[in-house]
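Student: Need coordinates for the following:
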Amino acid sequence: MIQLHDVDLKLLRVFATIVKCGGFSAAQAALNAGQSTISEQMTHLETRLGVKLCQRGRSGFRLTEQGVAIHEATQRLLSAVDNFCMDADVLKQYITGKLNLGIIDSTISDPDSPLPKTTQRFVSRGHDVHLNVYVGAPAELEERVLDGRLHLAIGHFPIHVPGLSYLPLYQEALGLYCGRRHPLFGSQAESSELLEEIAESRIVARGYMQQYDLEHLGVSKAAATVDNIEALAILIISGAYIGFLPVHFAAQWVRTGDMQQLGPESLQLMSPFDVITRRGVAPPPILRAFLEDLATCSRNPVRA
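Tutor: Numbers count the residues shown, from 1 in each chain. Coordinates of the predicted model:
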């Protein structure tokens, strides 16, 4: 009789994912692994079980008779394991461990962000948890969620990456701003007249949203590129550049007269924020608990 170990369960989950995706190549994104790694894992599993599970090659991917039977048994086994884990979680009075959360910068002043309320609700449960918070650019956050360094991340992700789940969270308002030393400061122009003046100005754009920013201004090239909002604000305050900033973030400088929003009626954008998690991986109890609180504190539903 075969004795199952933790590594065998991991390999069986890999096998189940391959079958679900319809082959090794198609499963790469879901497993976040290369085809050679997946092939090695399957070879190891076949050696452990002593049977050939599938045929793969130029003719395509298909299960052997033994593979079909093992797959059906795998589905029953993994379902039983998942049910056990859920039952065990219910019996626990508290959750322990570390939660690794990623966020983009300069969102603290956004009244629409559910993160402050979510954090307060989460820690008030009395969980024995340690919260690690990492601030990074969108592409960096996606990479860290994919490789497991982060459990989840919240931010603006314009390009969806295979292997991640993106769930809508809220919208952030953006406005076009200039500093008080910029020639457009004090301008009340709107629409076409303003766009003509903008075309003659230096534009600073977010690297991860450069084309989006430029298209809304009717220009083809940025004079400066940044990867975070604070750097963007520094260049705008200098008076040498104009660019889009979150309205909530720019408000502090508008109040002091150091910035002005240009074309507030015609050039205000809405930037969608998502919560991202790794696809195809069962969330641990600590992540499920945080996502539940995030859903409660958010205007939009977030599924655990």
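
Student: The closest residue to residue 218 other than its chain neighbours: how many residues sit nearby?
Tutor: The shortest distance from residue 218 to any residue that is not its chain neighbour, by Cβ to Cβ, 6 or more residues apart in numbering, is 5.2 Å, and that residue is residue 195. In short, each C-beta sits where N, CA and C put it, glycine included. Number of residues near residue 195 (other Cβ atoms under 10 Å) recorded here: 17.

Student: Next up, identify which helix or strand residue 195 is on.
Tutor: Counting by DSSP states H and E, the element that carries residue 195 is helix 191-199.

Student: For that helix, buried residues please.
Tutor: In terms of neighbour count (16 or more other Cβ atoms under 10 Å), helix 191-199 has its buried residues at 194-195, 198.

Student: Now tabulate these in a markdown table and tack on pLDDT and distance to residue 48.
Tutor: Below are the buried residues of helix 191-199 laid out as a markdown table (pLDDT from 0 to 100; distance: Cβ to Cβ, whole Å):
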| residue | pLDDT | distance to residue 48 |
| --- | --- | --- |
| 194 | 81 | 68 |
| 195 | 81 | 66 |
| 198 | 85 | 64 |
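
Student: Would you confirm that residue 111 contacts residue 248?
Tutor: Yes. Checked against Cβ atoms under 8 Å, the pair residue 111 and residue 248 is within contact range at 6.5 Å.

Student: coming back round to it: same for the helix holding residue 195, what does it pack against?
Tutor: Helix 191-199 sits against helix 210-217, with contacts defined as 3 or more Cβ pairs under 8 Å, 6 or more residues apart in numbering; DSSP states H and E.

Student: what about 6 Å?
Tutor: Packed against helix 191-199, as judged by 3 or more Cβ pairs under 6 Å, 6 or more residues apart in numbering; DSSP states H and E, are no other helices or strands.

Student: Kindly confirm my reading that residue 148 is in a helix.
Tutor: No. Counting by DSSP: H, G, I helix; E, B strand; the rest coil, one finds residue 148 to be coil, located in no helix.

Student: quick revisit: can you name the element that comes right after the helix holding residue 195?
Tutor: Remark: after helix 191-199, the chain's next helix or strand is strand 204-206, criterion DSSP H and E.

Student: what separates the residue lying closest to residue 52 once chain neighbours are set aside from residue 129, distance-wise?
Tutor: Of all residues not flanking residue 52 in the chain, residue 64 sits nearest, at 5.2 Å (Cβ to Cβ, 6+ apart). Spatial separation of residue 64 from residue 129 under the definition Cβ to Cβ, to the nearest Å is 45 Å.

Student: rewinding a little: so what touches the helix holding residue 195?
Tutor: Contacts of helix 191-199 from elsewhere in the structure, counted by Cβ atoms under 6 Å, 6 or more residues apart in numbering, are 184, 217-219, 263, 266.

Student: Over to stretch 234-244?
Tutor: Residues outside stretch 234-244 that contact it (Cβ under 6 Å, 6+ apart): 174, 176-179, 181-182, 201-202, 204, 213, 224, 232, 258.
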